[in-house]
Structure formats: structure tokens, C-alpha cells
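In: Output the structure for:
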Amino acid sequence: WGVLAFSSVISSLVALPILRSVSLTMMGINIHGISRKTVRAIFALPSLREFTVEKLHFCARHVPDDDLASITYPPLSVFRHRLMIAPRHPDVFAPETECISSVLTNTHETLETLHLFGASAPIALLIDLEWPRLRELVFYGRPWDSLSRRPVTLLTRMPYLRKLSFKFSVPIGGVDAQREPLWPPGYKGPFPWPFLERLVVTCPNVHDELYDHLPTTLRSLSLRYWKHVWWYECHYGGYYWPHNPTYPSLLHSSSVLNLLRRCRLPNLDSLEVEYVEDEKEDELLAFIASAFPRLTFLKLVRYQQIRSDTGIPAASVDSSSINYSLH
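Out: Numbering: from 1, shown residues only. I've put the predicted structure just below:
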């Protein structure tokens, strides 16, 4: 994989002393990254408050005598690292995690928005540091085992979170039957994010006790795949193509119904679900209309089971106040 120096960008930054936001991205999917020299130049801007790196690795290679220890970091409010796929070279993650750790160690007290790629996220720091201003936390891509299994008991020092997203991708080579539950079975502790307003969980586990403990403050709930299940992640190069939705972890409408029945969310105004239709689909739609009367947005990503007949039409959602999309 290559390291992009962005030399022209570095030379231009000196002329922009009041720059507040920097975003680095590339078109398409690749496994290149930005250099530590580039990161050093960007963080030298005292006015910087937002930094986004998208579709690029973050300091993927270690260069001798080029570390970030001597940087005086600006008080970042937003740090985003969005990597769409996991590379075939797992050794890229160690130096990347090291550099992201340096950033978070020096900015955790001011960060309000944090987006991380799961495989390179410094989980130990997320657990140990205090996050007094963090309002939005998003994980992309391949999860670390420790994060995918016990985030409810791990991420307890973020009490003021408003938005939490686990956008874990479909694993390369197929979909596992069930994601590990986010809420440890039998755990009796309090819900760690009492002010949460938006929750995104991909590949939801229908037996996850998380849904029995969601706070009434929650206004938006998304239970779908990322990307949608019909975008299957290729092992070579990361290209996508439509794929037959026969994955064992894709919930049927009856399972989604059982999951939503455990949610006590009187203030919910946005809901996204993805499922394979079965005999409970009409009941699911009727339940959504009655259980969440404040909905203003509903997204249904629906897969029809392959049958010899022409299929059974789903019941309509009878509400003129709901904006809904059916895929």
C-alpha cells in the first residue's frame, strides 16, 4: 500500500492560519494512507477544530524519527476516520492505532464527535479516558472482538452521548449467524448512556438484552446492515455487487417484531429496519404504527422470500404524517 504525502496540501496550510476544518479523502476504494508528516502539518494549525480522514489509512507506515510525540495538539471538537473496508494486510493496523492513540490522548477532553474504524480503534483508550464532551460516537467496518461483544460495559465513560452507531460491516467471506450481543447476558448494571437520542446497530442480535434497556430519550433507531445486505463485500479489492439475501443473520419480519416489542420508546420519531418478509410482516407493520405514534420517518428495507407463487403484498402504513421508503 502507498503513503500519500500531500506535499501541495502541506505547503498551502501555512497560508491558512485561521483554517478550522480539514478533510482528506480519495475517490473509490483503496488501501493507501497519509503520512505522519502530513498529520504533523495539519495539527500544527492552532485554529483547527475538525479533522476528517476518509477512505485513507491514518499514518499506516512508521517512518523512523517521524513521530507525533512533540506535537502540541489543537483543541479538536471533531475527529473522523472512516475506512470503508479492511485491507488484506492486517499489519497496517498497529502503526495506525498508535497514531490515533496519540490524537485521542491529547484531545479526549474537547472532542464532541468521534468516528473510528473498528479494526484500528484504540479500545483501551476509549475505556480508560474520560470523555466529558463527547456527544457522537460512530464505529465503521470490521469490529474488534472486545468491542463487538461488550460495549455496554466497556464504553462507560461517555455518559453524555447523544448519538451512538455500530456500523459494522458484513465480514469478508460471508455473514456470521449472529453478532455477539451488545448487552452482556444477565448484566444488571444501569444503561451507560442515559441521554442517548440516536442508536444505529447493524446485524442486530434478536436475543440482545440491549433492547429491554433503551432509554425513553431515544428518538431514532436504525436496525439494518451497513452497507445494506445486498451489497456483499468482496475479498479482492473491495468491490460490491448484488447478492442473494440468504444470510442466516438477516432477520425475518417475525424476529424484528419480537425485538421491537421489547422496546419502550414513546418518543421515537425515526425507525429503519431491514428484514426478509414472512407471515408476520403485516403484524409487524401494524405494530410499528401503533407502538410508535410519533414516527415521522420510516425506512423498510424488505426482501421477499423466493417462492413459486407471486408473493403476498405487505399491508400499507396508514399515516399521512409518516415519510417512509420501501426498498
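
In: Give me the neighbour count for the residue nearest to residue 292 when sequence neighbours are not counted.
Out: Leaving aside its chain neighbours, residue 292 sits nearest to residue 268 (4.7 Å; criterion: Cβ to Cβ, 6 or more residues apart in numbering). Where you see a C-beta, it was placed from the backbone N, CA and C, and this is true even at glycine. By the criterion of other Cβ atoms under 10 Å, residue 268 has 22 neighbours.

In: if I read this right, residue 268 contacts residue 219, doesn't it?
Out: Yes: look at residue 268 against residue 219 with Cβ atoms under 8 Å: they come within range, at 6.1 Å.

In: in what helix or strand does residue 259 lie?
Out: helix 253-260 (DSSP states H and E).

In: what does the average pLDDT come to for that helix?
Out: Helix 253-260 carries an average pLDDT of 96.

In: Now the phi/psi pair for residue 33, please.
Out: In terms of degrees, to the nearest 10, the main-chain angles of residue 33 are phi -150, psi 170.

In: In CSV, could you pull the C-alpha coordinates for stretch 15-22?
Out: C-alpha atoms of stretch 15-22 as CSV (Å, rounded to 0.1, in the frame of the first residue of the first chain):
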residue,chain,number,x,y,z
ALA,A,15,-1.1,30.4,4.2
LEU,A,16,-4.3,29.5,6.0
PRO,A,17,-3.7,30.5,9.7
ILE,A,18,-7.4,30.5,10.7
LEU,A,19,-8.5,27.2,9.0
ARG,A,20,-10.9,25.3,11.2
SER,A,21,-11.7,22.2,9.3
VAL,A,22,-9.6,19.8,7.1
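
In: Quick check: residue 286 is in a strand.
Out: No: going by DSSP: H, G, I helix; E, B strand; the rest coil, the assignment for residue 286 is helix, not a strand.

In: tell me which element residue 126 is part of?
Out: helix 123-128.

In: Could you export that helix as CSV, CA atoms only?
Out: What follows is helix 123-128 as a C-alpha-only set of coordinates in CSV (Å, rounded to 0.1, in the frame of the first residue of the first chain):
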residue,chain,number,x,y,z
ILE,A,123,-10.2,0.4,22.5
ALA,A,124,-8.0,0.6,25.7
LEU,A,125,-8.0,4.4,25.5
LEU,A,126,-11.8,4.5,24.9
ILE,A,127,-12.2,2.5,28.0
ASP,A,128,-9.7,4.3,30.3
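
In: Pull out the buried residues from it.
Out: Of all the residues in helix 123-128, those buried under the rule 16 or more other Cβ atoms under 10 Å are 123, 125, 126.

In: same thing with stretch 256-263?
Out: For stretch 256-263, the neighbour count (16+ other Cβ under 10 Å) marks 256, 257, 258, 259, 260, 263 as buried.

In: now do stretch 51-62
Out: By neighbour count on 16+ other Cβ under 10 Å, the buried set for stretch 51-62 is 51, 52, 53, 55, 56, 57, 58, 59, 60.

In: What helix or strand is the third one located in?
Out: Secondary structure from DSSP H and E places residue 53 in strand 50-54.

In: what ranges do the strands span in the stretch 151-300 of the chain?
Out: 163-168, 198-201, 220-223, 231-233, 240-242, 270-276, 297-303 (DSSP state E, counting those that start in this stretch).

In: May I see the ones you listed organised as CSV, with mean neighbour count added?
Out: Formatted as CSV, these follow (neighbours: other Cβ atoms under 10 Å):
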stretch, mean neighbour count
strand 163-168, 20
strand 198-201, 20
strand 220-223, 20
strand 231-233, 19
strand 240-242, 11
strand 270-276, 21
strand 297-303, 18
